[in-house]
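Q: Structure of the sequence below:
(chains A and B)
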Amino acid sequence: MEILIFFLHGLGYAGLLFLVSAGLTLIFGMMNILNFAHAAMYMLGAYLSYSIMNHFTGQLWISLLICPVALFIIGALVQRFLLRPVHKLGHVHELLMTFGLAYIITELVQWYWGNYPLAVNVDGVLNSTVHVIGLTYPVYRIFIFLCAIVVGTLMALILYKTRLGIIIRAAVNDSEMVNALGVNVPLVFTGVFAFGTALSGFAGVIAAPLLSVFPGMAHEILIDAFVVIVVGGFGSLGGAVVASLIIGLLQSFGVLLIPQLSMALAYLLMVIVLIIKPSGLFGEESL
Amino acid sequence: MKKQGNIFICMSGLILAGALMPVILSQYHLYILTEIIIFSLFAVSYNLLLGYAGLLSFGHALFFGLSGFATALAIIHFPGLTLLSTVLIGLAASIIAGFVIGALLLRHKGSYFALLTLAFSALFYAVAVKWYSVTGGDNGLNIVRPDLNLGFASISVSGLAHFYYLTLIVVGATIIFCWYFTQTAMGKTVLLMRDNEKRMQFLGYNTNFARLILFTFTGALAGLAGSFYALHFEFVSHMAVSINMTTVVLLMTFVGGTKKFWGPILGVFVYIIFQNYLSDLTDRWALIMGFIFVFMVLFVPGGLSEVIVKIQQRLFGKRNDNGVKYIASEEGNL
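A: Residues are numbered from 1 along each chain as shown, chains lettered A, B, ... in the order given. Prediction:
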């Protein structure tokens, strides 16, 4: 029974990880930018949600609507006015830009919201527990996992079943050629970046009631999300799904089995994957 | 050749000036100057990776902190050791780590490499935080500087001025050695590898091995800086292996500029002095640093050294020496 609980815990965290790393891996696959600001956006989403829930309305779904939209706009502005101008300077400068952005967002958040953890409470159904086969389990963790499934399914549908999806996948493969075919690739880039940022904000809103809101939350999820995209393979959505599940469960069972080393387990897995298959589980061979 | 002689004279002049500093400066400023020298080595080693080899690493603090911890642990657990042997232990630790990690990671380039170094750094950070019995966890390790035993005489370096001289000699000499390295055939190979690796491979160079040597070398340099960091503050904690430490060295290097050898040193001076000045004025100095950084990435991508070189050219005409052109060419390939 205990094992089942840890399994569910792992699934919950895996859902959260997927929401963050899906946007990250998409942005990476498309623009070849490792977006260091991604986790900072996640944190920003969580803090925005805190303010909305505590000072405006106690409803989680309002937060879930407003925050991703706000972050979509922020993401679009960042891509258009900060990342696009440095694109011509090369990858290092793009990386440094996202790095600086992450730094600034973290500092701003600490300035405005303070340096201490803040609790976000949900009420209603989400705050209750379910009783199944003799187990008591909080609904909220299951809700997170369901959200991840819904978002993941929607993303897969858009990517693989729509014309927009075809354009995005083509641009991931060869953006110059797609541009030459008459698609406004820079606009698609902005859209994908903004969408990824919004997804990250969405994850932040969902994470807030579970993990509470604190300045270190960006750093924690960033490293895990990076491990996910290394293990899953750079730019692969399917890889992100599988790797999120592996890392989530590994973290959860790691705490159960070897508490001191639970943090290091994920990195060890990453090192092993790197040695055996450097391109990641689902990555393409030619990098 | 004349140019090299000039730089050598410049460096000797700087070191001579450095020798006079304990007389001129107050204790507080001497303390900061020692810190600046130590971080200069750290930044120079970082720039050998970033500016010369075109490898963006987010895990350079790993070697810095690892060596700091190794030195501190040696002092705590082997009380009889002399100062230099504890530094050597730190150095050995960072060399081994550099070789092993480099062998694992150097197949990857660009963003992949950056990400993987970050993950390794995170691994070491996790160990430093969790392995409480060895690393002291959140509390860190407090140490006392051992005496410097030269064989014929034992000198106490517990006083700041003495330690300052030791730092100036050892770290200063290492920085000069780094400059010399960039002038050697090996140093030039690194530059050419960055600009056109394929061609170097066709010419018969083993580029992967050369890169591994360079990675280990810069790791060792960062390790030396880390040892002195631990000795200078007489304290080391998980902050030394954290991402923040890499952020700091990255900011310093970038502010100074990656295209000149002396760029990062300038960056360290500006960063530390500016930080000390700002942190007296406001608690939000880190935010201001962040804005300056983003501003520089957008508008001054070459850093302060580029600005200075441009002003120099404006004032004295296009008197650009070969070395500069070499490094300044093709930065887009980074």
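
Q: quick check, stretch B:226-239 touching chain A?
A: No: Stretch B:226-239 lies apart from chain A when judged by C-beta under 8 Å from any C-beta of the partner chain; the minimum separation is 12.2 Å. (Glycine included, C-beta is placed from N, CA and C.)

Q: Can you measure across that stretch, start residue to end residue?
A: Stretch B:226-239 has an end-to-end distance of 12 Å (C-alpha to C-alpha, to the nearest Å).

Q: Name the residues of that stretch that come out as buried.
A: Buried residues in stretch B:226-239, counted by 16 or more other C-beta atoms under 10 Å in any protein chain shown: B:226-233, B:235-239.

Q: can you map out the strands along chain B?
A: With DSSP state E, the ranges of strands along chain B come out as B:141-142, B:148-149, B:154-155, B:235-236.

Q: How about the residues of the stretch 51-200 of chain B by chain A?
A: B:54, B:56, B:104-105, B:107-108, B:110-112, B:114-116, B:118-120, B:122-123, B:126-127, B:129-131.

Q: Next step: those restricted to helices.
A: B:104-105, B:110-112, B:114-116, B:118-120, B:122-123, B:126-127, B:129-130 (DSSP state H).

Q: Buried by neighbour count, from those residues: which ones?
A: Neighbour counting over these (16+ other C-beta under 10 Å) leaves B:105, B:110-112, B:114-116, B:118-120, B:122-123, B:126-127, B:129-130 as the buried ones.

Q: Tell me which two in these are the farthest apart.
A: Maximum pairwise distance among those (C-beta to C-beta): 31.1 Å, between B:Gly110 and B:Lys130.

Q: if we can go back for a sec, which of the buried residues of stretch B:226-239 sits closest to A:Tyr140?
A: Distance to A:Tyr140, by C-beta to C-beta, is smallest for B:His238 among these, at 32.0 Å.

Q: distance of that closest one from chain A?
A: Separation of B:His238 from chain A (C-beta to the nearest C-beta, to the nearest Å): 12 Å.

Q: Let me know the pLDDT of the nearest residue to that residue once chain neighbours are set aside.
A: Distance criterion C-beta to C-beta, 6 or more residues apart in numbering or on different chains; nearest residue to B:His238, sequence neighbours excluded, is B:Ala128 at 3.9 Å. We note a pLDDT of 86 for B:Ala128 in this prediction.

Q: swap in the one 3 residues further on?
A: With respect to pLDDT, B:Trp131 has a value of 81.

Q: want to try TSV for the buried residues of stretch B:226-239, with pLDDT as columns?
A: Shown next, in TSV, are those (pLDDT from 0 to 100):
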residue	pLDDT
B:Gly226	93
B:Ser227	92
B:Phe228	92
B:Tyr229	92
B:Ala230	92
B:Leu231	89
B:His232	89
B:Phe233	89
B:Phe235	88
B:Val236	88
B:Ser237	87
B:His238	85
B:Met239	86
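
Q: Which member of the residues you listed is positioned nearest chain A?
A: B:His238 (12.2 Å; C-beta to the nearest C-beta).

Q: Was I right to think that closest one contacts B:Gly140?
A: Yes: B:His238 is within contact range of B:Gly140, at 7.1 Å (criterion: C-beta atoms under 8 Å).

Q: is chain B contacted by the helix or strand containing A:Leu24?
A: If you go by DSSP states H and E, A:Leu24 is part of helix A:2-31. Yes: applying C-beta under 8 Å from any C-beta, one finds helix A:2-31 touching chain B at A:Phe28.

Q: Which strands or helices does the following helix or strand past that helix pack on?
A: For helix A:2-31, the following helix or strand on the C-terminal side (DSSP H and E) is helix A:37-55. Packing contacts for helix A:37-55, counted by 3 or more C-beta pairs under 8 Å, 6 or more residues apart in numbering or on different chains; DSSP states H and E, involve helix A:2-31, helix A:60-78, helix A:91-113, helix A:185-211, helix A:217-232.

Q: Tell me the confidence at A:Leu249?
A: A:Leu249 is assigned a predicted lDDT (pLDDT) of 89.

Q: nope, A:Glu284 is what I was after
A: Note on A:Glu284: pLDDT of 64.

Q: Show me what counts as buried in stretch B:12-19.
A: The neighbour-count check on stretch B:12-19 (16+ other C-beta under 10 Å) flags B:14, B:18 as buried.

Q: OK, contacts around the closest residue to A:Leu108 other than its chain neighbours?
A: Using C-beta to C-beta, 6+ apart and skipping residues adjacent in sequence, the residue nearest A:Leu108 is B:Leu287, 6.6 Å away. Neighbouring residues of B:Leu287 by C-beta atoms under 8 Å, 6 or more residues apart in numbering or on different chains: A:104, A:107-108, A:111.

Q: Deepest-packed of the strands of chain B, please.
A: strand B:235-236 (a mean of 24; mean count of other C-beta atoms under 10 Å in any protein chain shown).

Q: neighbouring strands for it, and are they parallel or not?
A: According to DSSP bridges, strand B:235-236 forms sheet pairs with strand B:141-142 (antiparallel).

Q: Any buried residues in stretch B:55-70, and which?
A: If you call a residue buried by 16+ other C-beta under 10 Å, then stretch B:55-70 has these buried ones: B:55-70.

Q: Counting by contacts, list what the worst-scoring helix or strand of chain A on mean pLDDT packs against.
A: Of all the helices and strands that make up chain A, strand A:129-132 has the lowest average by mean pLDDT, DSSP states H and E, namely a mean of 77. On a contact count with 3+ C-beta pairs under 8 Å, 6+ apart, strand A:129-132 meets strand A:135-138, helix A:139-161.

Q: cutoff 6 Å now
A: For strand A:129-132, the packing partners by 3 or more C-beta pairs under 6 Å, 6 or more residues apart in numbering or on different chains; DSSP states H and E come out as strand A:135-138.

Q: which helices and strands sit right next to the longest helix seen in chain B?
A: The longest helix of chain B (DSSP H) is helix B:207-233. In terms of contacts (3+ C-beta pairs under 6 Å, 6+ apart), helix B:207-233 is packed against helix B:27-47, helix B:60-77, helix B:83-105, helix B:185-195, helix B:197-202.

Q: Now do that helix: distance to the chain's middle.
A: 8 Å (C-alpha atoms, centre = their mean, to the nearest Å).

Q: In a helix, A:Asn115, correct?
A: No: counting by DSSP: H, G, I helix; E, B strand; the rest coil, A:Asn115 is not found in a helix; it is coil.

Q: How about it, nearest residue that isn't a chain neighbour?
A: According to C-beta to C-beta, 6+ apart, the nearest residue to A:Asn115 is A:Pro215 (6.1 Å).
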